[in-house]
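Visitor: sequence unknown, structure follows:
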């Protein structure tokens, strides 16, 4: 098993990833608040930690991957009021939308996809423990807060204890013991609010408590609940700091042994967010580009570096992906009988260095150049073709790209109507060749070329692609 190093947010350095149970990894990634369609920021986080998921699996780990959905929140309630629909209907719609988008981008499905509303009892139980220890307290209006002063390690994850724009300040209440205290339970405020009957009083949970309760469901006994907690960099403070505090105070264990965070997607130099009005929905991108192309673009920038979205850069990224498929096209129909173990080990080593995608893609580029040269000199080299096929199969397992039929990949972006027209011309050409009408066959080939369509006669039939 290759050594994997990750950048741990808490330690602020790269460390060897050593799981609590040997060869088993429990990972929890914060999923979306489901009040709208997913944007590219959501997609980047999903793709980044899907890459980690795949790396661990390819290294022989048994991975238990958990991604939650926040299905009760102020934003969902506001959408419910505006649309005259229930919070449940809204959250169901956008969970389905999110999963469909991620599936198109070839993100592996999580083992568990818990929703906040399914864990109310666990949240209540955790809050009861915190109240019994006087770490949490209840205000006269029914709201319940955690007293940050009771946690001496508060701030150890983010190295921050307050922020002018933090959730704790936004939720400021003059009756709180300390300005930094954060809500665990929000009392029901009337007919325009959403509340659940509870021993804590009718109300609903604060945002942070849901993840602590969900992680408890899957936790180990001992010093750490899970191996790794991940999410976007905007969650480090206050969300993940507050999660860590709740679990530490209620369960007397750290919520995670390691923390990883991906950086933002920006457009025109601004962080992508709904409030800035520059959010680029994944669905918009998928209407133009195949999910694999978007995936490759998102993972081509290291997860800890900001990604400045640019359609021009996306097209440059696609050309790099094209090279994998052009090599795959050269070995069309070859069986996977061999394995280039040197390539596999090198790729695992490079990606195992904190998901060093730049070195990994350089390794792939070198492999492509090497085998293109081999096939230029020895076009019938069956051993080389078998190795190429196996290598591309491994790239697909590790990076989630390269798994399409080589010719179908180069047909992406062609409408069903155009496809029918092209395939009708190809069929007519094949019929002309059968009756030895080579003049008509050549004319039909020229007509296809005029439509920017290249054709190739193979043992599997006539294949075509958009030039």
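Guide: Cool, the structure landed. Just so it is clear, the model here is predicted, and its values are computed rather than measured.

Visitor: Could you chop the protein up by domain?
Guide: Under the assignment automatic domain parsing, the domains of the chain span 5-271, 332-404, 416-466.

Visitor: mind putting these in CSV, mean neighbour count and mean pLDDT included?
Guide: Placement of C-beta: from N, CA and C, glycine included. Below are these laid out as CSV (neighbours: other C-beta atoms under 10 Å; pLDDT from 0 to 100):
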stretch, mean neighbour count, mean pLDDT
domain 5-271, 19, 94
domain 332-404, 17, 93
domain 416-466, 14, 89
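
Visitor: could I get the ones you listed as a markdown table with distance to residue 314?
Guide: What follows is those, written out as a markdown table (distance: least, C-beta to C-beta, whole Å):
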| stretch | distance to residue 314 |
| --- | --- |
| domain 5-271 | 10 |
| domain 332-404 | 14 |
| domain 416-466 | 17 |
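
Visitor: Mind checking these for the one nearest to residue 310?
Guide: domain 5-271 (8.7 Å; C-beta to C-beta).

Visitor: if we can go back for a sec, just so I know, which of the domains of the chain lies nearest residue 298?
Guide: Closest of the domains of the chain to residue 298 is domain 5-271, at 4.6 Å (criterion: C-beta to C-beta).

Visitor: And the domains of the chain: which comes nearest residue 318?
Guide: domain 332-404 (10.8 Å).

Visitor: what secondary structure does residue 229 sit in?
Guide: The three-state label given to residue 229 by DSSP: H, G, I helix; E, B strand; the rest coil is strand.

Visitor: Tell me the spatial nearest neighbour of residue 12, not counting adjacent residues.
Guide: Leaving out its chain neighbours, the residue that sits closest to residue 12 by C-beta to C-beta, 6 or more residues apart in numbering is residue 159, at 7.9 Å.

Visitor: so the one you found, which of the three states?
Guide: coil.

Visitor: Any figure for the gap between it and residue 453?
Guide: Separation of residue 159 from residue 453 (C-beta to C-beta, to the nearest Å): 58 Å.

Visitor: check contacts around residue 432.
Guide: By C-beta atoms under 8 Å, 6 or more residues apart in numbering, the contact list for residue 432 reads 438, 440-441, 444.

Visitor: if we go to 6 Å?
Guide: 440-441 (C-beta atoms under 6 Å, 6 or more residues apart in numbering).

Visitor: next one: residue 30
Guide: Residue 30 touches 231, 235, counting by C-beta under 6 Å, 6+ apart.

Visitor: That one and residue 76: what is the separation?
Guide: Applying C-beta to C-beta, the value for residue 30 to residue 76 is 16 Å.

Visitor: the strands in the stretch 201-350 of the chain, which residues?
Guide: 203-205, 224-232, 254-262, 265-267, 270-271, 307-308 (DSSP state E, counting those that start in this stretch).

Visitor: Tabulate those in TSV, adding columns for distance to residue 117.
Guide: Below are the strands of the stretch 201-350 of the chain laid out as TSV (distance: least, C-beta to C-beta, whole Å):
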stretch	distance to residue 117
strand 203-205	9
strand 224-232	20
strand 254-262	21
strand 265-267	29
strand 270-271	29
strand 307-308	32
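
Visitor: who wins for proximity to residue 3 among those?
Guide: strand 254-262 (14.4 Å).

Visitor: Next, the angle strand 224-232 makes with the closest one.
Guide: Per axes from the mean of the first three to the mean of the last three C-alpha atoms, to 10 degrees, the angle that strand 254-262 makes with strand 224-232 is 20 degrees.

Visitor: re the thing from before, for the residue nearest to residue 12, give its distance to residue 180.
Guide: 15 Å.

Visitor: got it, and residue 311?
Guide: Per C-beta to C-beta, residue 311 is found 42 Å from residue 180.

Visitor: now residue 211
Guide: Note on residue 211: its distance to residue 180, by C-beta to C-beta, is 19 Å.

Visitor: per-residue confidence for residue 285?
Guide: According to the prediction, residue 285 has pLDDT 91.

Visitor: Going by residue numbers, what spans are strands in the stretch 1-150 of the chain?
Guide: Under DSSP E, counting those that start in this stretch, the stretch 1-150 of the chain gives strands at 5-8, 13-16, 24-29, 62-67, 136-138, 144-146.

Visitor: Excluding covalently adjacent residues, which one is nearest to residue 325?
Guide: In space, residue 325 is closest to residue 409, 4.6 Å off (C-beta to C-beta, 6+ apart).

Visitor: so how many other residues sit close to the one you found?
Guide: When neighbours are defined as other C-beta atoms under 10 Å, residue 409 has 22 of them.

Visitor: Next, give phi and psi for residue 184.
Guide: With angles defined as degrees, to the nearest 10, residue 184 sits at phi -100, psi -30.

Visitor: so who does it touch?
Guide: Counting by C-beta under 6 Å, 6+ apart, residue 184 makes contact with 127, 136, 144, 146, 206, 209.

Visitor: Quick check: the residue nearest to residue 12 vs residue 254, distance?
Guide: For residue 159, the distance to residue 254 equals 16 Å [C-beta to C-beta].

Visitor: Repeat that for residue 307.
Guide: For residue 307 relative to residue 254 (C-beta to C-beta), the value is 30 Å.

Visitor: Next: residue 128.
Guide: Distance from residue 128 to residue 254, by C-beta to C-beta: 21 Å.

Visitor: Not counting its neighbours along the chain, what's nearest residue 193?
Guide: Using C-beta to C-beta, 6+ apart and skipping the chain neighbours, the partner closest in space to residue 193 is residue 77 (7.2 Å).

Visitor: let me fix that: residue 298
Guide: residue 47 (4.6 Å).

Visitor: I'd guessed that neighbour sits against residue 300; true?
Guide: No - using C-beta atoms under 6 Å, residue 47 is not in contact with residue 300, being 10.1 Å away.

Visitor: I'd say residue 233 and residue 263 touch.
Guide: Yes - the pair residue 233 / residue 263 is scored as a contact, 5.3 Å apart, by C-beta under 6 Å.
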